[in-house]
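In: pasted the sequence and its predicted model underneath.
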Amino acid sequence: MGTKEHNAAALAALIEHLSVSFGPRQVLKDLDLTLEKGRLYVLIGRSGAGKTTFLRCFNRLNECFPGCHTQGSLRLNLGNQWVDIYRNDLPVTELRRRVGMVFQTPNTLPASVEKNITLPLKLVLGLGKKEIPEKVEWALRQTHLWEEVRDRLHLPAGILSGGQQQRLCLARVLALDPTLLLLDEPTASLDFRSSQKIEELLLNLKERYTILAVSHSLSQARRLGDKVLVFNEGRRVGTFERSELQQGERFQGLLEEIF
Amino acid sequence: MMKTGPFLSREKISSRQLRRASRQEALIRGLLFGATLISGLAVGAILGFLAYFSLPLVFQGQAGQILDWRWRPFQGDFGILPMIVGSLLLAFSALLLAYPLGVGLCGFVFSQRQKPWGRLVLLAVRLMTGVPTVVYGFVSVFLLVPLIRTWFAQGTGFSWLAATLTLSLLILPTIVLLTWAQLEHTAIELRLAAAALGFTPSQELLWILLPQASRGLLAAVILGFGRAVGDTLVALMLAGNAPQIPDSPLDALRTLTSHIALVLATDSTSLAYQSVFASGLILFGLAAAVNLALRWLKSPAW
Amino acid sequence: MDEMHRFLDHGFIWFSWLAALLTLGALGLFLGFLGVNGLAALNLGLFFGEASPWQVIMGGQPAGEGIWPACVGTVYLVVLSSLLALPLGIGSGVYLAQYASPAPKRLFGFAVDLLAGIPSILMGLFGFALILFLRKTLFPQANTCLLLSAVCLALLVLPYLILTTQSSLEGLPAPIKVAGLSLGFTPWQNLVHILLPAASRGILSGIILAVGRAAEDTAVILLTGVVANAGTPQSLTDKYAALPFHIFYLAAEHRTTGELAQAYGAALILLLLTGTLYAIAYWLHATLVNKWEQKNIMLRR
């Protein structure tokens, strides 16, 4: 464990023997993985390969679905403090604050644009009235939404376009000051232009947060990922650095096998 | 640009706040559980009281007296068997009338669902659920009963027939709406397939949809039966209340439900009271049987 | 075989039209009969008899032959039973939808289903038995009264509240259920700020149905304290009058045509009351469905 400890500060997560099943169906099988801080990982694989379930392990959202059984350990480095999230080192609500998730289809709350951000700030962070507006503006600027919505803050979030809603969800998550970002096919429901904008955003954000993104598109994986993790039938079957993605025959071969 | 937001939010939530929040959660959870517990115990309480007051019957060995065919309290006869028969007869006859009518109505609404009158009929049926039972009974007393009396020139008009007609009107919406809900949710693919094969709407209904919804249809029967057997007002106001087994539809009958109401309205001996609680137990048993039948229907075994 | 099928088809079409016409005809006859006779009786005298309305409402003067006390009695019943049933019912529904683990959920679910299937007369019998029991033990003075009826009515409508609350919450689309949790909301925060507002229409329609049921019930109050002649109830332990029973009583025991006319009027009033309530509940439910369908269509874009 010597070298690992030495580099522990540079790591974001340590996963050992992680298995997840829902009832009789096993979705993730004995995963081992190490994630480094400040990198953008893209997960690809066929549907049903367990990518979303894997993502949901990080914020324990799997437990909201019936019959979930998780084994193994998942340790996260939150603020230079290692936390084993399945051993209740941290209350689950606090965990979910620090591990922010953006879903495939934007699930804005049925409230105003502003309230989408102020409500979590109030309830989860306990911020007071004075601190909130500053934070809201900051979050919206992070996702380049501020200029677009600053005069529409009180309108229902539903009037925004799909791309804007997704950026709002991202802003909402950033406002809570997370350490790790989980993105489940974030551009799947968006048109080309909006997807581009989000991808640009992610490339900027990765310097400050560790990002795990599931993608359905190989080209997106190539564009975004520092590292690409390939999943098949509940296991990680390949890891590729950015450099290997361009020409790698290994990469092509693996893809042909899987898809 | 700083690494994180301009606020140190990480330490904002003190551990004391977190603990307080979780205590609050536990309190709320406990309160809600308490509410559920009370609701659950209500059933037990009802059953308990019914059983408690029927116990003397068993202990004093008078159960046999209750299970008799004659109810003449002033002569010491406390048999409630005629009432059991009355309940079942009325419920089955109402169902016999209401069920085909209900299926026919469903067929109408389905085949005419694009037309305004189809939707109108559905709306009318939905509104029927809003008519109070006592109003059904009341109108029947002054509309239906005289009609029967003059038409058949026999009896008072307060009869099995009058009660059946009104009761079927009462349970009709239950049957129609339940069956309609089933039909509405049948997979669109099945309906497209039927249309592609050249079925007319009624063919589609008869040969494909209704068989597919057979489970729902059975549930409608069971639920309708439950409602019919549990109704008090219609039987009380229209069936004549004679504690006998009717020889013809124009004769009077008495159900378990109206028996309970009638006996408790008059001062009676304790054995009469006990017969009432025994009636209650039997009704409870019927309701439970209906419930179990519905559950068994819903189970994957079917 | 073809002939046979065609015959059945046509037969069924004829039959379905017949069914619709019969039903509409019967319904029309019923409502028309009630409407004609009831409208004729609708006037202030219906409610207040010979006395002046203002005096009756404010000064406590008896309303003579009017149905005002019955109307007030019904209102009191509904309000009291709702006060009892709403917290219990909605609380239980919330618990079953959100917090209960599978085993207690099945158990309580079964108890609630059973409660829902119990005929109303048995609720009344339960209340009666309760009084008998209390008389033998703690309160020899116990008697059937407004409070007892309210308790039994609350038990009657409890299942409606529980089931509609539970199904409204469970029927919410998965993204809504999970959004708040993924942000770090506690289950209670999630419930109060997101889930309950989203499910509010369904829950509201359940409440309205419960209120309607409490207003129209006759069997329960028959055994637990309603009487034909009573003023407006002054305390919880009074006997009282209520509209459904008043109608029932007059149907059986009316002595003059005036009293019969009053019965028609009362029946019309009660019908309008419950009819409106059910119509509102149905409209709420219908618009609720549309809201979600629209949202799903938008998201599928």
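Out: Cool, the structure landed.

In: flag the shaky bits of the chain, pLDDT-wise.
Out: You didn't say which chain, so I picked chain A. For chain A, the stretches with pLDDT under 70 are A:1-7, A:246-251, A:258-259.

In: if you could check chain C rather than the one you did, that'd help
Out: Looking at chain C by pLDDT under 70, you get C:1, C:49-56, C:58-64, C:289-301.

In: how about the stretch 1-150 of chain B?
Out: Applying pLDDT under 70 to the stretch 1-150 of chain B picks out residues B:1-18, B:58, B:60-66, B:73-77.

In: the strands in it, which residues?
Out: Counting by DSSP state E, counting those that start in this stretch, the stretch 1-150 of chain B has strands at residues B:71-72, B:77-78.

In: among these, show me which one is buried the most.
Out: Mean neighbour count (mean count of other C-beta atoms under 10 Å in any protein chain shown) peaks for strand B:77-78 among the strands of the stretch 1-150 of chain B, with a mean of 19. Every C-beta, even on glycine, is put in place using the N, C-alpha and C of the backbone.

In: what's the burial count for residue 217?
Out: Answering for chain A, as no chain was given. A:Ser217 sits with 15 neighbouring residues when counted by other C-beta atoms under 10 Å in any protein chain shown.

In: not what I meant, chain B
Out: Around B:Leu217 there are 21 other residues, counting by other C-beta under 10 Å.

In: pick out the residue closest to the middle of chain A.
Out: Nearest to the geometric centre of chain A sits A:Leu182, at 0.7 Å (C-alpha atoms, centre = their mean).

In: helix, strand or coil for the spatially closest residue to that residue that is not a sequence neighbour?
Out: Spatial nearest neighbour of A:Leu182, chain neighbours left out: A:Met101 (4.4 Å); criterion: C-beta to C-beta, 6 or more residues apart in numbering or on different chains. Three-state call for A:Met101 (DSSP: H, G, I helix; E, B strand; the rest coil): strand.

In: residues touching A:Met101, list them.
Out: A:55-56, A:59, A:61, A:173, A:181-184, C:182 (C-beta atoms under 8 Å, 6 or more residues apart in numbering or on different chains).

In: and it, how far from A:Thr34?
Out: The spacing between A:Met101 and A:Thr34, counted by C-beta to C-beta, to the nearest Å, is 21 Å.

In: thinking again about what came up before, can you flag which of the contacts of A:Met101 belong to strands?
Out: A:181-184 (DSSP state E).

In: for A:Ser19, what are phi and psi?
Out: The phi/psi pair for A:Ser19 (degrees, to the nearest 10) reads phi -130, psi 140.

In: for A:Thr239, that is, sorry about that
Out: Main-chain torsions, A:Thr239, degrees, to the nearest 10: phi -130, psi 130.

In: got a list of what it touches?
Out: Neighbours of A:Thr239 in contact, by C-beta under 8 Å, 6+ apart: A:227-230.

In: partner residues bridging it?
Out: Counting by DSSP bridges, A:Thr239 forms beta bridges with A:Leu229.

In: please tell me how far B:Asp231 sits from C:Pro104.
Out: From B:Asp231 to C:Pro104 the distance is 33 Å (C-beta to C-beta).

In: repeat for A:Arg222
Out: 51 Å.

In: kindly report the same for A:Ala213.
Out: 39 Å.

In: who has more neighbours, these two?
Out: Taking neighbours as other C-beta under 10 Å, A:Ala213 and C:Pro104 compare with A:Ala213 leading, 27 against 16.

In: show me what contacts the more buried one?
Out: Going by C-beta under 8 Å, 6+ apart, A:Ala213 touches A:40-43, A:182-184, A:186, A:202, A:224-225.

In: check C:Gly89 too.
Out: Contact partners of C:Gly89, counting by C-beta under 8 Å, 6+ apart, are B:39, C:157-162, C:165, C:210.

In: among those, which are located in helices?
Out: In this view, the contacts of C:Gly89 that belong to helices under DSSP state H are B:39, C:157-162, C:165, C:210.

In: ok, so of the ones in strands among the contacts of A:Met101, who is nearest B:Gln112?
Out: Nearest to B:Gln112 among these is A:Asp184, at 45.5 Å by C-beta to C-beta.

In: that closest one and A:Ser215 touch, don't they?
Out: No - with contacts counted by C-beta atoms under 8 Å, A:Asp184 stays clear of A:Ser215, the gap being 9.6 Å.

In: what about the residue most central in space within chain C, which SS state?
Out: What sits nearest the mean C-alpha location of chain C, by C-alpha atoms, centre = their mean, is C:Arg213, with 1.7 Å. What three-state DSSP gives for C:Arg213 is helix.

In: ok, and the closest non-adjacent residue to it?
Out: Excluding its sequence neighbours, the residue lying closest to C:Arg213 (C-beta to C-beta, 6+ apart) is C:Val157, at 5.2 Å.

In: same thing with B:Asn291?
Out: Excluding the flanking residues, the one nearest B:Asn291 by C-beta to C-beta, 6+ apart is C:Gly117, at 4.8 Å.

In: before we move on, what SS does the residue in chain A positioned nearest to chain B have?
Out: Proximity of chain A to chain B (C-beta to the nearest C-beta) peaks at A:Asp177, 4.6 Å away. Classification of A:Asp177 using three-state DSSP returns coil.
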